[in-house]
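**Q** Pasted the sequence and its predicted model underneath.
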2 protein chains.
Amino acid sequence: MEKNDFQKILDNAEAQMRKGVLEFAILLVIARGKTYANEIIANLQKAHLAVVEGTIYPLLSRLKNASLLDYSWEESKAGPPRKYYSITAQGKKFLSSYEKQWQALTKSIDNLKK
Amino acid sequence: MEKNDFQKILDNAEAQMRKGVLEFAILLVIARGKTYANEIIANLQKAHLAVVEGTIYPLLSRLKNASLLDYSWEESKAGPPRKYYSITAQGKKFLSSYEKQWQALTKSIDNLKK
DNA sequence: GCCAGCTACCTTGTATTAAAAGGTAGCTTG
DNA sequence: CAAGCTACCTTTTAATACAAGGTAGCTGGC
């Protein structure tokens, strides 16, 4: 195996892990306060969780359809109007379950290291 | 949204997270000592990480092809011969990188909670 | 000594979904 | 008024976990 292959597989592995928590991460960001797609992307990037538009739009719609999120249009001072998403009461309940699952998962991984 | 939908979405979310760490978990299990598919499945189940055969066989082959794993056939006292997988030197290096990524990810998630 | 059941291997088909790529349109600024 | 930026969204592609189905070795009961 070439060095590049090693890196490629590692990158892929990293992407896989990221995917698994993407939805969780997005909910966490929105739970901090209403925000819109590009801002979410920027926030995730800061947290070293790369996401692109094509990923986030369908995901937001999915969460909206599940009544975990809601949105409202707001004008911007510089550019087209933005769709601000906020978390619903049900979304908060969901997020709380999600966090428990996340904790259980990290614990499981820790156990496997023994 | 009905109560059942909520659970369905939650289950799906949990499955997504599990998927992301599957490869990592399998490597961790094999790193503890040589083992074969059914034993790995049993181990993961103990750690509450459900996996089925159809998932694990292709994955093991992939890791073998990437030289992260190696295998040897060994006879069983009860049943057909088993393909025992063990981690290679390169696999150990890989796993170490993997662990760093995992740590970075959990840290990122923690930061998003603030 | 054979067949039922278990264990083990593996492959094929399906569904989900993240990412890539492309498309539309509002708004600002020179 | 056109170029460029920001924002929205959709369509296509590729990866991959799971479901389901298939082959075969070995054992134990009859």
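**A** Okay, I see it. Numbers count the residues shown, from 1 in each chain, chains lettered A, B, ... in the order given.
**Q** what residues are up against residue A:26?
**A** Contacts for residue A:26 were tallied using Cβ atoms under 8 Å, 6 or more residues apart in numbering or on different chains; they are A:40, A:44, A:56, A:59, A:60, A:63. C-beta: built from backbone N, CA, C; applies to glycine.
**Q** Inside strands: which ones of these?
**A** Among the contacts of residue A:26, no member is found in strands (DSSP state E).
**Q** now, the most widely separated pair of those residues?
**A** Farthest apart among the contacts of residue A:26 by Cβ to Cβ are A:44 and A:63. That separation is 14.7 Å.
**Q** For chain A, which residues are neighbours of chain B?
**A** A:1, A:5-6, A:9-10, A:13-14, A:16-21, A:23-25, A:28-29, A:43, A:47-49, A:66-68, A:90, A:93-94, A:97-98, A:101-102, A:104-106, A:108-109, A:111-113 (Cβ under 8 Å from any Cβ of the partner chain).
**Q** which ones among these are found in helices?
**A** Among the residues of chain A next to chain B, the residues falling in helices (DSSP state H) are A:5-6, A:9-10, A:13-14, A:16-21, A:23-25, A:28-29, A:43, A:90, A:93-94, A:97-98, A:101-102, A:104-106, A:108-109, A:111-112.
**Q** Could you give the number of residues near the closest residue to residue A:48 other than its chain neighbours?
**A** Nearest residue to residue A:48, sequence neighbours excluded (Cβ to Cβ, 6 or more residues apart in numbering or on different chains): residue B:108, at 5.5 Å. Neighbours of residue B:108 under the rule other Cβ atoms under 10 Å in any protein chain shown: 17.
**Q** which residues sit in contact with residue B:108?
**A** With contact set as Cβ under 8 Å, 6+ apart, residue B:108 has these partners: A:25, A:47, A:48, A:49.
**Q** sorry, back to before: which among the residues of chain A next to chain B count as buried?
**A** A:6, A:9-10, A:13-14, A:17-18, A:20-21, A:23-25, A:28-29, A:43, A:47, A:49, A:66-68, A:94, A:98, A:101-102, A:105-106, A:108-109, A:112 (16 or more other Cβ atoms under 10 Å in any protein chain shown).
**Q** Any regions of chain A where pLDDT drops low?
**A** Residues of chain A that meet the criterion pLDDT under 70 lie in A:1-4.
**Q** Leaving out chain neighbours, which residue sits closest to the residue of it at minimum distance from chain B?
**A** Nearest residue of chain A to chain B (Cβ to the nearest Cβ) works out as residue A:20 at 2.3 Å. With Cβ to Cβ, 6+ apart as the criterion, residue A:20 has its nearest non-adjacent residue at 2.3 Å, and that residue is residue B:20.
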